[in-house]
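[1] Okay, sequence plus prediction incoming.
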Amino acid sequence: MFTFNFVKHTIYQKTNSITDPSQGNIGYYIGGSDMSTEGNFIWMHSRQPFNYTDWKQGMPDSHGNHEDCVHLYPLFHFQWNDIQCSTPGYFICEKPSPSK
Ligand SMILES: [Ca+2]
Ligand SMILES: [Ca+2]
């Protein structure tokens, strides 16, 4: 939970110029998908189900029956939406925390 709040906060702070959906920015893919089994979302890197979600109310809706990838959508204040995976967009990568 903390992680995604951190991500959203960082996006707002760092990328004001590229978060305007009117400029065609669909936001940031986060690596979740239900392309293996419709309605069963998992993280693609680990094949594990989500233990946290931040779906926009009414999402996922698999609009048109072909939305399988999860992104943080500027139009939804960076809450989650499922979108067609072939839609060009930015992406967020995860990396291990630095050792202490
Ligand atoms: Ca889907
Ligand atoms: Ca959707």
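    Happy to help now that I have it. Numbering: from 1, shown residues only. Ligands and ions are numbered 1, 2, ... in the order given.

[2] got the residues of the chain near ligand 1?
    34, 62, 68 (CB under 5 Å from the ion). C-beta: built from backbone N, CA, C; applies to glycine.

[3] got a list of what the nearest residue to the last one once chain neighbours are set aside touches?
    This means residue 68. Closest residue in space to residue 68, ignoring its immediate chain neighbours: residue 35 at 4.1 Å, by CB to CB, 6 or more residues apart in numbering. With contacts defined as CB atoms under 8 Å, 6 or more residues apart in numbering, the neighbours of residue 35 are 68, 69, 85.

[4] List only buried entries from the residues you listed.
    68, 69 (16 or more other CB atoms under 10 Å).

[5] Sort out for me which of the contacts of residue 35 are in strands.
    Among these, DSSP state E puts residue 69 in strands.

[6] Test my guess that residue 33 contacts residue 42.
    Yes: with contact defined as CB atoms under 8 Å, residue 33 reaches residue 42; the gap is 6.9 Å.

[7] Where does the residue nearest the centre of the chain sit: helix, strand or coil?
    Nearest residue to the geometric centre of the chain (CA atoms, centre = their mean): residue 71, 2.3 Å. Following DSSP: H, G, I helix; E, B strand; the rest coil, the label given to residue 71 is strand.
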